[in-house]
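Peer 1: Please find the sequence and the predicted model below.
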Amino acid sequence: MRLSPVIALAATLLLSVASAAEKPARLGLCASCHGENGHAIAPVTPNLAGQNLDYLRSAIKQYQSGARDVPAMRAAVGMLNAADIERVLAWYAQAPVSTSAAP
C-alpha cells in the first residue's frame with residue numbers, strides 16, 4: 001500500500017514531534033541548573049523552556065567557542081556529543097513556558 005504524499009508528510013511530522021517530546025537520556029547535567037523542564041533552579045540561571053531552538057543552538061556554539069565565557073557551561077557542553085546537545089536543545093525548546101508568577 002502506497003501512502004499519499006500528504007499522509008506521509010503528516011506521519012513524518014507526528015514522529016518528529018513524538019521524538020522531540022521524549023526526555024533526553026543526557027538531560028541530568030543540564031537539568032541540575034536549568035531544571036528538568038527548563039525552569040531554572042537558581043535566580044541567576046536562565047530559563048530555557050520555550051526558547052527558540054536556533055537561539056539555543058547559537059548560544060551553545062558561543063559557549064563552545066569561548067565567545068560566551070562561562071566555564072561551567074563550557075565544561076557541561078564539552079561532556080555531550082552533538083546528538084545529545086541537539087536532543088537537549090529540542091527538549092527545552094518544546095517545553096512549555098510557565099505563565100504563573102514565582103512564589
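Peer 2: Good, I have the coordinates.

Peer 1: got the contact list for residue 25?
Peer 2: 84, 87 (CB atoms under 8 Å, 6 or more residues apart in numbering). Just so you know, the C-beta spots here come from the backbone N, C-alpha and C atoms, and that holds for glycine as well.

Peer 1: which SS class is it?
Peer 2: Three-state call for residue 25 (DSSP: H, G, I helix; E, B strand; the rest coil): coil.

Peer 1: Just the pLDDT at it, thanks.
Peer 2: On pLDDT, residue 25 comes in at 92.

Peer 1: now swap in residue 98 and tell me
Peer 2: On the pLDDT scale, residue 98 gets 77.

Peer 1: Specify the local secondary structure of residue 51.
Peer 2: coil.

Peer 1: That one - how many residues pack around it?
Peer 2: Neighbour count of residue 51, defined by other CB atoms under 10 Å: 17.

Peer 1: Check residue 84 too.
Peer 2: Neighbour number of residue 84 under other CB under 10 Å is 17.

Peer 1: That one contacts residue 29, correct?
Peer 2: No. Between residue 84 and residue 29 there is no contact under CB atoms under 8 Å: 9.8 Å.
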